[in-house]
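>>> Predicted coordinates and the sequence they were generated for:
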Amino acid sequence: MKNLFLILSLFIAIGLAGCGKYHDVSIYGVKEYKFRGIKDGVIYLNLTLDVENPNPKPLVIKHIEFKAWLNNREFGKLRNSDKIKLEGKTRKDYEVPLEIALRTPADAFKLIGVGKEILSAISVEGYIKGGRFPVSKKINIPRQTLNELANSMQKNLVITDTLSGQGTMP
C-alpha cells in the first residue's frame, strides 16, 4: 500500500511539474462545409474551421456531441467522426468530420432542401470535450444555430466550464 501511494504521488508530481498557463483557443469562423454523403440514416459532412491555438503544446478535441434541430424540430444527433488535434502555436484551417444520425429518413430530404443555408437552419445543443493528457474539460454549449456557434467562438472557445481561461494545464 505504501508503494502504491509513493508511485501515485510521483506520477502526480511529474504531471504537475509540466503544468503552465494556457490560453484561449479561438475559432475565427466556418470557411466552408462539404457534404460527403448519406448512408444508413447518417449524413456525413466536413466543416472547415479557421482555428488558432496560441498554446505551445497541442490540444485535442476528443468528443463533440450535440442534439440537432431543423426549423425547431429535433431531427437527430450530431457528433464528430474523429478526434481533432489542434497544433500548438498555430492558426490554420482544420477540417472537422461530422456525422448527423437522423431520427427518420425523411429528415435527410428536409436537410438537403435547405441548401446553402444549412449552417443557419440547424440548431444544436450539447457539449465539446477536449484537452491534453491528463487534463480533460467539457464545454457545455447552449442551444443555438451552427452559424451563431461559430460566430460566438470567434473570440474564445468559452461558453461555460472551460477549456480556456487562465488556468493551468500540463
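Sure, I can see it.

>>> burial of Asp93, as a residue count?
Other residues near Asp93 come to 11 when the count uses other C-beta atoms under 10 Å. Yep, even glycine has a C-beta here, placed from its N, CA and C like the rest.

>>> correct me, but it touches Asp50?
Yes. Using C-beta atoms under 8 Å, Asp93 is in contact with Asp50, at 5.6 Å.

>>> in whatever helix or strand Ile118 lives in, what counts as buried?
Ile118 is part of helix 118-121 when elements are defined by DSSP states H and E. Judged by neighbour count (16 or more other C-beta atoms under 10 Å), helix 118-121 contains these buried residues: Ile118, Leu119, Ala121.

>>> and the closest residue to Ile43 other than its chain neighbours, what does it touch?
Counting by C-beta to C-beta, 6 or more residues apart in numbering, Ile100 is the residue found nearest to Ile43 once chain neighbours are left out, at 4.3 Å. Applying C-beta atoms under 8 Å, 6 or more residues apart in numbering, we find Ile100 in contact with Val42, Ile43, Leu45, Ala68, Phe75, Gly76, Lys77, Leu78, Leu111.

>>> Neighbouring strands of whichever strand or helix holds Ile100 in the sheet, and parallel or not?
Taking DSSP H and E as the criterion, Ile100 maps to strand 90-102. Strand pairing for strand 90-102, using DSSP bridges, gives strand 42-53 (antiparallel), strand 73-80 (antiparallel).

>>> How far off centre is the first one?
Relative to its chain's centre, strand 42-53 lies at 9 Å (C-alpha atoms, centre = their mean, to the nearest Å).

>>> show me where this structure has helices.
Under the criterion DSSP state H, the chain contains helices at 2-17, 106-114, 118-121, 146-152.

>>> would you list the strands paired with strand 90-102 in CSV and tack on distance to Lys138, mean neighbour count and mean pLDDT?
CSV is the format used below for the strands paired with strand 90-102 (distance: least, C-beta to C-beta, whole Å; neighbours: other C-beta atoms under 10 Å; pLDDT from 0 to 100):
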stretch, distance to Lys138, mean neighbour count, mean pLDDT
strand 42-53, 18, 18, 86
strand 73-80, 14, 18, 90
